[in-house]
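In: Show me the folded form of this:
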Amino acid sequence: MFENMNDSVELRGNIDISWSRNGVGFGQLYFYEQDGQVFCSNEMMGKEFIKKVLNQLVDECVLKDEKSGSETSNSHS
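Out: Numbering: from 1, shown residues only. Now for the predicted structure:
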């Protein structure tokens, strides 16, 4: 059913993330859409740093519909 779907991301609205890291400092990442493209005001931080911030955000979040603390409990096997 989903084999023919293309991977995609669509930004609706804006995303503003404040971060701080020992030895680096602090700042903000601001994602927004303009003319059909997604932009990120990144305060001179590169894509690898941005990916680390986003990964940490996901790793530390609590999923609202998560049934237990295990990701395997959410699999549909």
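In: only C-alpha atoms for contact and neighbour calcs from this point on.
Out: OK.
In: What are the buried residues along the helix or strand Asn55 falls within?
Out: According to DSSP states H and E, Asn55 maps onto helix 47-60. By neighbour count with 16 or more other CA atoms under 10 Å, helix 47-60 contains the buried residues Val53.
In: now for that helix, which elements pack on it?
Out: For helix 47-60, not one helix or strand is in contact under the criterion 3 or more CA pairs under 8 Å, 6 or more residues apart in numbering; DSSP states H and E.
In: C-alpha coordinates for it, PDB please?
Out: Extracted in PDB, the C-alpha atoms of helix 47-60 (Å, rounded to 0.1, in the frame of the first residue of the first chain):
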ATOM      1  CA  LYS A  47      23.500  20.600   9.300                       C
ATOM      2  CA  GLU A  48      25.300  18.000  11.500                       C
ATOM      3  CA  PHE A  49      24.800  20.100  14.600                       C
ATOM      4  CA  ILE A  50      21.100  20.700  13.600                       C
ATOM      5  CA  LYS A  51      20.600  17.000  13.100                       C
ATOM      6  CA  LYS A  52      22.000  16.300  16.600                       C
ATOM      7  CA  VAL A  53      19.700  18.900  18.200                       C
ATOM      8  CA  LEU A  54      16.600  17.400  16.400                       C
ATOM      9  CA  ASN A  55      17.700  13.800  17.300                       C
ATOM     10  CA  GLN A  56      18.100  14.800  20.900                       C
ATOM     11  CA  LEU A  57      14.700  16.500  20.900                       C
ATOM     12  CA  VAL A  58      13.000  13.200  19.600                       C
ATOM     13  CA  ASP A  59      15.100  11.000  21.900                       C
ATOM     14  CA  GLU A  60      14.100  13.000  25.000                       C
END
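In: so who does Tyr32 touch?
Out: By CA atoms under 8 Å, 6 or more residues apart in numbering, the contact list for Tyr32 reads Leu11, Gly13, Asn14, Ile15, Val38, Phe39, Cys40.
In: Weed out the non-buried ones from these.
Out: Buried among these (16+ other CA under 10 Å): Cys40.
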